[in-house]
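1. here's my sequence, what's the structure:
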Amino acid sequence: MTINGYKLQQAIREAIADRDTQAARFEPALSYFPGEPKGDPREIARRFNEAERRLCSLQTAQTCYNLAVKVTVMGQSMSLCEAIKLVGGAGRLEKMFRMAGSEKKERYSYREDTRQEGTIVAQKTLTLEEIDAERKTAHRWAAALRTAIASGNATERELRNISDDESLSL
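-> Sure, this is the predicted structure:
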């Protein structure tokens, strides 16, 4: 069976929904009023466990897929898995520079406009232009990772190379 990252993601979302549905049905089935069909908690627990195992198999297949697929980010080759792990930090770095570049006035503090003799004012380490340049660099890196991840997830692979589990119906 040929798969791609998007098919795996969708199958994982469905497996999570199945598992969560069974989990939500368990506690109410522990008691009932006469004539109120709620199902046997043991059967619900069995279906929950089945959904949990399917989810685990799908996530394992996704990890194998992410390790098998190679992407190129700004000339650097890496696994799709590595790109996925890097993209969060890249986005956070971009946000850090974006926040550093915004001039925010603190309500009760004396800022750089303090001119009293003898007052020490902290100096900026980077100019706003340098901060903006760093933000743009961080943005390009994060965008390149996101693009590579989208491209990597579209890559077709044979499922038999990823998992021996035949219960993975996508």
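2. the host helix or strand of Met99 packs against which elements?
-> Assigned by DSSP states H and E, Met99 belongs to helix 80-100. Counting contacts by 3 or more C-beta pairs under 8 Å, 6 or more residues apart in numbering; DSSP states H and E, helix 80-100 packs against helix 41-68, strand 70-73, helix 128-153. Backbone N, C-alpha and C define where each C-beta goes, glycine included.
3. mind putting the ones you listed in CSV, mean neighbour count and mean pLDDT included?
-> CSV is the format used below for these (neighbours: other C-beta atoms under 10 Å; pLDDT from 0 to 100):
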stretch, mean neighbour count, mean pLDDT
helix 41-68, 17, 96
strand 70-73, 18, 98
helix 128-153, 17, 96
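4. wait, which of these is closest to Gly5?
-> Checking those against Gly5 by C-beta to C-beta gives helix 128-153 as the closest, at 3.0 Å.
5. between that closest one and helix 80-100, how big is the angle?
-> 160 degrees (axes from the mean of the first three to the mean of the last three C-alpha atoms, to 10 degrees).
6. next structured bit after helix 128-153?
-> The element immediately downstream of helix 128-153 (helix or strand, assigned by DSSP H and E) is strand 157-158.
7. quick one: distance of that following strand to the chain centre.
-> Relative to the centre of its chain, strand 157-158 is centred 23 Å away, using C-alpha atoms, centre = their mean, to the nearest Å.
8. that one pairs with which strands?
-> Strand pairing for strand 157-158, determined by DSSP bridges: strand 2-3 (antiparallel).
9. thanks again, I'm all set now.
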